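Chemist: When you get a sec, could you give me coordinates for this:
(one chain, ligands or ions: 1)
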Amino acid sequence: MLDARKPDTLLDVRGLHTYFYTYEGIVKAVNSVSYGLKRGEITGLVGESGSGKSVTAQSIIQLVKAPGKIVSGEVWLDGEDLMSLSQAEMQAVRGRKISMIFQEPRAALNPLFTVGDQISRVIQLREGCSRSIAESQAVEMMRAVEIADPDRRASAYPHELSGGMCQRVMVAMALSANPLLLIADEPTTGLDVTVQAQVLDLISTRVQSAGSACLFITHDLGVVAELCERVIVMYAGRVVEQGPVSEIFTNPRHPYTQGLIASTLRVDIDKPISTIPGTVPDAVHLPSGCTFHPRCPFAEDLCQLEEPPMVEAGHDHTTRCHIVSGRIKKEMLEEAWELEPA
Ligand code: SF4
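Modeler: Below is the predicted model of the structure:
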């Protein structure tokens, strides 16, 4: 149950900048990103590949790979300033307070230990219980993520399991830690639809009952609509829109969000799946002004000259667009979107 005495916000990210220093130039992968995650809520983080979603997550847990570097910003978890912690202290936070489900489960699992061992260790670390109790809880957790014959599979090594099975082991490990914050980066990739639904249901139940928070990174807006309370939309390293799912899906105000929703949710079975025309810009040479202007059907001269600030767009709903701020007087008509076949 949620503790009503605690403030709502569990994770507070403020002005986060993470850059990659490459031979071609500086890639501003995460550029002044701010948001909060509430207890008991799942927040979807969406955007195309290269929008900065995964680097945002790596920055929170301070596992950004070279040549990347967190340049500035604050990350507060349950009132603790994570940026002020030593590497050893941050390591302890990653083990006990934050769990992450990675996109590449095989790379994240230790090839030298059985999967049952790896889950048991997480449970022992959390509960301080005996090895045999942890082992039986590990088997139960494997059963909960729909691993068939979990008693036998607990003694398998990662290379003996399929990719989808390793993915479920990762989910079991992450949930076994009972974290304050769960970061799930495309956690259902490679799972069939039925198992996907069960895993999502398990994540949702855990987050609500433990009063923890979940940052759910995905391309799949359908999953966000079903699973998440809030959504953050990223484009070219920036947050361009955020707010409650109920508000953003019915009243998207940023043209990029509108295009994403139009291309993925309004599927007409007689037509091919469509996408927003163009691609995410070259991260070293970002367009001037609003970085979305080369792809935006509503762009005007001002959009190339000035970057729009974040403005209120509704209840608990913000966005970056000169039309919403009133600098450009124009209607955003859905007919303006000429989506391309994917
Ligand atoms: Fe489109 Fe201009 Fe709004 Fe950017 S600021 S999203 S280019 S209308």
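Chemist: Closest residue of the stretch 1-150 of the chain to the ligand?
Modeler: Residue nearest to the ligand within the stretch 1-150 of the chain (CB to the nearest ligand atom): residue 47, separated by 13.9 Å. Glycine gets a C-beta too; all of them are placed from N, C-alpha and C.
Chemist: what's the neighbour count on that residue?
Modeler: The local packing of residue 47 (other CB atoms under 10 Å) involves 25 other residues.
Chemist: What strand or helix carries the nearest residue to it once chain neighbours are set aside?
Modeler: Nearest residue to residue 47 in three dimensions, chain neighbours excluded: residue 234, at 3.8 Å (CB to CB, 6 or more residues apart in numbering). The secondary structure element spanning residue 234 is strand 230-235 (assigned by DSSP states H and E).
Chemist: what about the helices in the stretch 201-342 of the chain?
Modeler: Taking DSSP state H, counting those that start in this stretch to define them, one finds helices in the stretch 201-342 of the chain at 221-227, 245-250, 255-264, 301-305, 322-325.
Chemist: what about residue 178, distance to the ligand?
Modeler: Separation of residue 178 from the ligand (CB to the nearest ligand atom, to the nearest Å): 41 Å.
Chemist: So that residue sits against residue 122, correct?
Modeler: No. Applying CB atoms under 8 Å, one finds residue 178 not in contact with residue 122, separated by 9.2 Å.
Chemist: The two - which one has more neighbours?
Modeler: Counted by other CB under 10 Å, residue 178 and residue 122 do not tie: residue 122 has more neighbours, with 24 against 17.
Chemist: so what's that one up against?
Modeler: The neighbourhood of residue 122, defined by CB atoms under 8 Å, 6 or more residues apart in numbering, consists of 173, 176-177.
Chemist: now, among those residues, which is nearest to residue 279?
Modeler: Proximity of the contacts of residue 122 to residue 279 (CB to CB) peaks at residue 173, which lies at 35.2 Å.
Chemist: For residue 16, see how far away residue 52 is.
Modeler: Spatial separation of residue 52 from residue 16 under the definition CB to CB, to the nearest Å is 10 Å.
Chemist: Quickly list what's touching both of these two.
Modeler: 30, 33.
Chemist: thinking again about what came up before, could you dump the helices of the stretch 201-342 of the chain to CSV with distance to residue 22?
Modeler: Output for the helices of the stretch 201-342 of the chain, formatted as CSV (distance: least, CB to CB, whole Å):
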stretch, distance to residue 22
helix 221-227, 31
helix 245-250, 33
helix 255-264, 25
helix 301-305, 25
helix 322-325, 31
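Chemist: I'd like the ones you listed as TSV, with mean pLDDT appended.
Modeler: Shown next, in TSV, are the helices of the stretch 201-342 of the chain (pLDDT from 0 to 100):
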stretch	mean pLDDT
helix 221-227	92
helix 245-250	94
helix 255-264	88
helix 301-305	97
helix 322-325	96
